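Chemist: okay, sequence plus prediction incoming.
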Amino acid sequence: MDLRRLRYFVAVAEARSVGKAAERLRMAQPPLSVQIRKLEAEVGAPLFRRGTRGMDLTEAGQALLVRASEALALAADGIEAARAVASGRRGRLSVGYMFVLANAILPRLIPELRRSVPGVDLDFAELSASTREARVLDRTVTVALCMPAINHPEIQVARIGAQRFMLAMPTNSPLARLSSVPMARLHGRPLIALPHPDHGPASSAVVPLLRRHQVVMPIASRVETVHSAMSLVLADEGLAILPACAQLGAPRGIVFRPLRDATDSLDIAVCWRRDSHSPLIRTFLKCAEKVVAAL
């Protein structure tokens with residue numbers, strides 16, 4: 001049923017006059033009368049009868065008026081909802097994040113997002129090195145906070161910051177007594193390694209750092225997540241070279257120390273599908289940049 005015709009019907013019912021309704025609708029009276037007759041033909045029953053005080057609704061007209069008013073209100077709500085989603089004022093934003101960034105960023109980012117887009121439903125999903133790319137590509141998450149950035153032709157990347165590498169070790173390690181650890185002191189010590197997400201198991205994000213300083217660390221274990229690495233460090237299985245933000249989630253018994261003469265870092269990036277045009281991505285990016293800049 002034509003919503004415009006329903007709007008004409010409601011106007012006539014409220015004004016109890018075709019002439020007054022035509023004035024309110026800013027149209028001529030004859031076309032309005034034609035539309036009312038077409039609506040009655042569509043319904044299959046008269047909707048009005050002339051009374052002493054103007055146009056009165058028939059029982060069929062009274063039944064239609066309630067539902068026509070509801071339909072018009074729902075249509076208006078639907079249009080407003082669509083406009084709100086298109087402008088980024090409403091909708092749903094699914095945020096993926098890697099564990100290493102959780103403690104450093106989420107406690108500040110979530111309140112910032114809720115202030116910026118109070119009408120948007122937010123949900124969060126933890127990602128790992130092996131799941132993050134797929135979760136972005138299959139739209140499980142709208143945006144992903146990653147370290148390092150995802151390297152894929154269908155994924156757009158915005159680098160918003162970086163975190164320097166630090167050495168994670170048990171508190172009883174001799175190296176823990178140092179304020180910073182010379183790279184040469186790592187030679188020969190076992191390493192708990194994290195594979196680079198975009199390469200095979202023989203690769204690690206810290207390999208270039210060790211190679212440049214001519215340091216060889218035998219790999220004791222290779223793990224996928226930072227919290228797995230810290231668990232093995234706590235068990236005294238080896239040392240781990242991790243981004244500085246990892247220390248915020250470190251369990252008791254682990255300490256972090258800067259690496260002397262080493263400025264290598266890992267990028268913090270926001271990643272999303274290139275074909276995604278949600279205005280919420282721009283809002284998220286702005287909030288994430290603000291939070292990371294304050295780290």
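Modeler: Alright, I've got the coordinates.

Chemist: tell me, how many residues neighbour G78?
Modeler: 10 (other Cβ atoms under 10 Å). Backbone N, C-alpha and C define where each C-beta goes, glycine included.

Chemist: what helices and strands are in contact with the helix or strand containing it?
Modeler: If you go by DSSP states H and E, G78 is part of helix 59-87. Packing partners of helix 59-87 (3 or more Cβ pairs under 8 Å, 6 or more residues apart in numbering; DSSP states H and E): helix 3-15.

Chemist: what are the buried residues along the helix it packs on?
Modeler: Buried positions in helix 3-15, judged by neighbour count with 16 or more other Cβ atoms under 10 Å: 6-13, 15.

Chemist: and if you look at stretch 271-290?
Modeler: So stretch 271-290, judged by 16+ other Cβ under 10 Å, has buried residues 271-273, 278, 280-281, 283-284, 287-289.

Chemist: dump those to JSON lines, plus secondary structure and pLDDT.
Modeler: Below are the buried residues of stretch 271-290 laid out as JSON lines (DSSP: H, G, I helix; E, B strand; the rest coil; pLDDT from 0 to 100):
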{"residue": "C271", "secondary structure": "strand", "pLDDT": "97"}
{"residue": "W272", "secondary structure": "strand", "pLDDT": "96"}
{"residue": "R273", "secondary structure": "strand", "pLDDT": "95"}
{"residue": "S278", "secondary structure": "coil", "pLDDT": "86"}
{"residue": "L280", "secondary structure": "helix", "pLDDT": "90"}
{"residue": "I281", "secondary structure": "helix", "pLDDT": "92"}
{"residue": "T283", "secondary structure": "helix", "pLDDT": "92"}
{"residue": "F284", "secondary structure": "helix", "pLDDT": "95"}
{"residue": "C287", "secondary structure": "helix", "pLDDT": "96"}
{"residue": "A288", "secondary structure": "helix", "pLDDT": "96"}
{"residue": "E289", "secondary structure": "helix", "pLDDT": "96"}
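
Chemist: not counting sequence-adjacent ones, nearest residue to L137?
Modeler: E154 (6.3 Å; Cβ to Cβ, 6 or more residues apart in numbering).

Chemist: make sure that neighbour is actually in contact with R274.
Modeler: Yes: in this structure, E154 is within contact of R274 by Cβ atoms under 8 Å, at 5.6 Å.

Chemist: other SSEs contacting whichever helix or strand L32 is part of?
Modeler: Per DSSP H and E: L32 is located in helix 29-43. On a contact count with 3+ Cβ pairs under 8 Å, 6+ apart, helix 29-43 meets helix 3-15, helix 18-25.

Chemist: could you tell me the angle between the last one and helix 29-43?
Modeler: For the pair helix 18-25 and helix 29-43, the angle between their directions (axes from the mean of the first three to the mean of the last three Cα atoms, to 10 degrees) equals 100 degrees.

Chemist: quick one: contacts of helix 18-25?
Modeler: With Cβ atoms under 8 Å, 6 or more residues apart in numbering as the test, helix 18-25 has contacts from 7-8, 11-12, 14-15, 28-29, 32-33, 36, 55.

Chemist: low-confidence stretches in the stretch 151-295 of the chain?
Modeler: Residue ranges of the stretch 151-295 of the chain with pLDDT under 70: 196-204.

Chemist: do you know how far the residue nearest to A104 when sequence neighbours are not counted is from L106?
Modeler: Leaving aside its sequence neighbours, A104 sits nearest to C245 (Cβ to Cβ, 6+ apart; 3.8 Å). Look at C245 and L106: by Cβ to Cβ, to the nearest Å, they are 11 Å apart.

Chemist: so between these two, which is more surrounded?
Modeler: Higher neighbour count among C245 and L106: C245, with 23 against 16, using other Cβ under 10 Å.

Chemist: and what about that one, helix, strand or coil?
Modeler: Look at C245: counting by DSSP: H, G, I helix; E, B strand; the rest coil, its state is helix.

Chemist: so it sits against M98, correct?
Modeler: No: applying Cβ under 8 Å as the test, C245 and M98 come out as separate, 10.2 Å apart.

Chemist: in this structure A269 contacts P148, no?
Modeler: Yes: A269 lies in contact with P148 (Cβ under 8 Å); the separation is 6.8 Å.

Chemist: quick check, L3 in contact with A73.
Modeler: No: using Cβ under 8 Å, L3 is not in contact with A73; the gap is 11.2 Å.
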